[in-house]
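[1] coords please:
(one chain, ligands or ions: 2)
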Amino acid sequence: MAFFAPEIGIDLGTSNTVVYVRGRGVVISEPTMVVIASDNKRNVRAVGDEAKFLMGRTSEALTLVRPIKNGSIADFDLTEMLLRYFIRKAIGVSHVVKPKIVISVPAGLPAVNRKAVTEAAQVAGAKTVYLIEKPFAAAIGSGLPVYEPIGSMVVDVGGGTTDVAIVSLGGIVVAQSVQVGGSKMDEAIINYIKREFNMLIGDRTAEDVKIDLATAMPLAEGRAVRIRGRDLLSPQAMDIEFTSAQAYEAIKEPCRAIIAAIKWVLERTPPELAADIMRGGIHLTGGGAQLFAMDQFIATELGIPVAIAKEPEDCTIMGLGYLVENMQLLTSIGRNGLTAGE
Ligand SMILES: Nc1ncnc2c1ncn2[C@@H]1O[C@H](COP(=O)(O)OP(=O)(O)O)[C@@H](O)[C@H]1O
Ligand SMILES: [Mg+2]
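    Numbers count the residues shown, from 1 in each chain. Ligands and ions are numbered 1, 2, ... in the order given. Model (predicted):
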């Protein structure tokens, strides 16, 4: 039995929740999903990997919920339950001392939403909660010199949000979080197929198609896949051939919105730091960084070099992990990097 407070980092993403325990590293990485009984929200039937397994297989008796939407809490009770489940899974129930938890949130999340995250973690069993802005954690996790007097730029393309930030001297200088990410691309593919083919496909198929086929820039050599879905004009299943050119068309708009967010931040970047960014380039993190040609697209649109971080979807948790291993940094981070709730 431990008498010290365990220290945990949690990347509470719209798509995935990742948990880091001090001294042990990443111990959990599962989808941010809960399956509940349709007639009783308190009756949680599956969480994380188990919930994802049930996705698309649920009957009317079960409902799949993503408690985090667009980077903030959409369902407080289910977020609390999900956190409680993951905390127990990470450190067990034997700890008599409640854990200190470092959680990432979208940049510039409004105070009321930040408070909700803090409270959900406290109700789920945290002793102290530290909130870290996601792009700051991602910058640490991608190995950028965030504590030095050098400007670095991070663009984290997650499931629900894209977080863009300039970091320097241990804090965020300018940041923007827009509600555009991988899920919007999935939705755009669903809508395109509905419009052009009168066919309905599920979220899971849309995500698979995006990962397999979609691209941020037109390809010289296109590819195609067959997709199965439900005919909207007759009560039957049907299938279509879907090309990478169509996938490109479908996700064009969300990709443009990401460019707009980056421009917004660049326009507000102090000139000295802007010079650093032109030199050091943009660092892409988050699962969406792996969208085909995303790096090339941003570099072409903005004329700035772009590098995809190593293991981009792990950058946030590795940054939180670094802070968890060096808790003294949490008291010295600049105003923008942190808020703590006792
Ligand atoms: N190879 C890929 N190409 C395009 N998108 C991807 C790829 N791999 C993962 N993604 C997308 O990245 C998103 C999840 O990224 P992640 O950083 O884990 O999100 P969050 O932190 O918001 O939970 C999902 O929308 C997923 O579909
Ligand atoms: Mg992420």
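[2] and the residue of the stretch 151-300 of the chain found nearest ligand 1, how far from Lys252?
    Nearest residue of the stretch 151-300 of the chain to ligand 1 (C-beta to the nearest ligand atom) works out as Gly182 at 1.8 Å. For every residue, glycine as well, the C-beta is placed using N, CA and C. Plainly put, Gly182 is 15 Å away from Lys252 if you go by C-beta to C-beta, to the nearest Å.
[3] how close does the residue nearest to Leu83 when sequence neighbours are not counted get to Pro67?
    Spatial nearest neighbour of Leu83, excluding adjacent residues (C-beta to C-beta, 6 or more residues apart in numbering): Ala124 at 3.7 Å. Look at Ala124 and Pro67: by C-beta to C-beta, they are 12 Å apart.
[4] how about Asp212?
    The span separating Asp212 from Pro67 equals 28 Å under the rule C-beta to C-beta.
[5] the two: who's more crowded?
    Pro67 (22 against 14; other C-beta atoms under 10 Å).
[6] report the contact partners of that one.
    Pro67 is in contact with 32, 34, 73-75, 78-79, 82, counting by C-beta atoms under 8 Å, 6 or more residues apart in numbering.
[7] mind checking what helix or strand follows the longest helix seen in the chain in sequence?
    Counting residues, the longest helix found in the chain (DSSP state H) is helix 244-267. For helix 244-267, the following helix or strand on the C-terminal side (DSSP states H and E) is helix 271-280.
[8] quick one: average confidence on that following helix?
    The average pLDDT for helix 271-280 rounds to 96.
[9] just stretch 49-61 next, same as before
    For stretch 49-61, the per-residue pLDDT averages 83.
[10] which other residues reach that stretch?
    Applying C-beta under 8 Å, 6+ apart, the contact partners of stretch 49-61 are 30-31, 33-35, 37-39, 45-46, 62, 64, 202-204.
[11] only whichever of these are buried, select them in PyMOL.
    Selection of buried members from the contacts of stretch 49-61 for PyMOL, criterion 16 or more other C-beta atoms under 10 Å:
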select buried, resi 30+31+33+34+35+45+46+62+64+203
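[12] looking at the contacts of stretch 49-61, which are in helices?
    If you go by DSSP H, the contacts of stretch 49-61 have 203-204 in helices.
[13] in contact with the closest residue to Ile91 other than its chain neighbours, which residues?
    Nearest-residue entry for Ile91: Pro6, 4.9 Å, with adjacent residues in sequence omitted and distances by C-beta to C-beta, 6+ apart. Contacts were defined as C-beta under 8 Å, 6+ apart; by that measure Pro6 touches 21-22, 91, 95, 97, 99-100.
[14] cool, Thr269 as well?
    Contact analysis of Thr269 by C-beta under 8 Å, 6+ apart lists 151, 166, 173-174, 277.
[15] of these, which belong to helices?
    Residues of the contacts of Thr269 located in helices (DSSP H): Ile277.
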